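Trainee: Below: sequence and its predicted model.
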Amino acid sequence: MHQPIIEINNIPVYQKNILILSNVSFQIFPGEHVYLIGRTGSGKSSLLKTLYADIPVMDGHAVVAGYNLRRLKDKEVPYLRRKLGIIFQDFQLLMDRSVNENLIFLMKASGWKDKREMQDQLQDVLVKVGLGTKGFKMPNQLSGGEQQRVAIARALINNPEVILADEPTGNLDPETSFGIVRLLKEISESGKSVLMATHNYSLIEKYPSRILKCEDGRVYSST
């Protein structure tokens, strides 16, 4: 059996010193696609922020992609995040740069140096998300669904072990949303773990997998 890529045991989740979730425990294994559900304000985003070390872990046991979050030093946070691909609801693209330039900006920030390797990786991730011919376009020349695919390509650029997606279909129409979840499912089938926060139950019905639910200050696991 694989070791879990995310192992959480009895951690509290705080937001601005307010306890949002208590005694959080779950595991996610390589290649798993897991939904994170719950009402607005139930703690989904705070839990994801905790996993990518934007909110510190104050108690319990938390290991993500080999990093112990209780002992994580500030200087180690960028290295943890290189093992994670983070996708947001509002895309967070640089609107004054082309698709290629958005990806190159992140690669340079992540320490890539070899231009040939960068170009090969850039093209590889764009093909994976169905945008192999769109690298020269500006974000405002793309549809919302295409912009979110660029955001997914950006999340894949460092070949992460885990994808954390915070309401990635929140600004998209139903048909486009199905396409994005199908793509995230394919990414998990390639061996990466995907944890996706969503409000959209029709997506879960169409593409069922394990569910973590934030409710009443706790996280419950169901199939």
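Mentor: All right, it came through fine. Numbering: from 1, shown residues only.
Trainee: Wasn't R116 part of a helix?
Mentor: Yes - applying DSSP: H, G, I helix; E, B strand; the rest coil, one finds R116 inside a helix.
Trainee: Quick check, central residue of the protein?
Mentor: Geometric centre of the chain, nearest residue: L164, 1.9 Å, by Cα atoms, centre = their mean.
Trainee: which residues does that residue contact?
Mentor: Counting by Cβ atoms under 8 Å, 6 or more residues apart in numbering, L164 makes contact with L48, L51, Y52, L84, G85, I86, I87, L195. Glycine gets a C-beta too; all of them are placed from N, C-alpha and C.
Trainee: Over to it. Which of the three states is it?
Mentor: L164 is classified as strand under three-state DSSP.
Trainee: any idea of the pLDDT on it?
Mentor: L164 carries a pLDDT value of 97.
Trainee: That one and F29, how far apart?
Mentor: In this view, L164 and F29 are 15 Å apart by Cβ to Cβ, to the nearest Å.
Trainee: Model confidence for T223, exactly?
Mentor: pLDDT, T223: 61.
Trainee: sorry, that was for I5
Mentor: I5 is given a pLDDT of 97.
Trainee: How many residues are close by it?
Mentor: Counted with other Cβ atoms under 10 Å, residues neighbouring I5 total 21.
Trainee: got a list of what it touches?
Mentor: Taking Cβ under 8 Å, 6+ apart, one finds I28, F29, P30, V64, A65, E161, V162, S193 in contact with I5.
Trainee: Look through this structure and tell me its longest helix.
Mentor: helix 174-189 (DSSP state H).
Trainee: neighbouring contacts of that one?
Mentor: Under Cβ under 8 Å, 6+ apart, the answer for helix 174-189 is 31-33, 128-130, 143-145, 148-149, 152, 156, 163, 165, 168-169, 172, 194, 196, 200, 202-203, 206-207, 209.
Trainee: Over to stretch 31-41?
Mentor: 2, 28, 44, 47-48, 184-185, 188-199, 201, 204, 207, 209-215.
Trainee: Take the residues you listed and keep only those in strands.
Mentor: Among those, DSSP state E puts I28, S193, V194, L195, M196, A197, R210, I211, L212, K213, C214, E215 in strands.
Trainee: Write the PyMOL selection for whichever of the residues you listed are buried.
Mentor: Buried members of the ones in strands among the contacts of stretch 31-41, defined by 16 or more other Cβ atoms under 10 Å, are picked up in PyMOL with:
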select buried, resi 28+193+194+195+196+197+211+212+213+214
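Trainee: quick one: which of the ones in strands among the contacts of stretch 31-41 is nearest to V13?
Mentor: Closest approach between these and V13, by Cβ to Cβ: C214, at 9.1 Å.
Trainee: who's in contact with the closest one?
Mentor: L21, L36, I37, G38, R39, S42, G43, K44, L47.
Trainee: Any idea what it is bridged to?
Mentor: V219 (DSSP bridges).
Trainee: from now on call the first residue 37
Mentor: Okay, using 37 as the starting number, the last item reads as C250.
Trainee: From D202, how far off is it?
Mentor: 13 Å.
Trainee: and what of I42?
Mentor: 15 Å.
Trainee: and what of L178?
Mentor: The value you get for L178 to D202, if Cβ to Cβ is used, is 20 Å.
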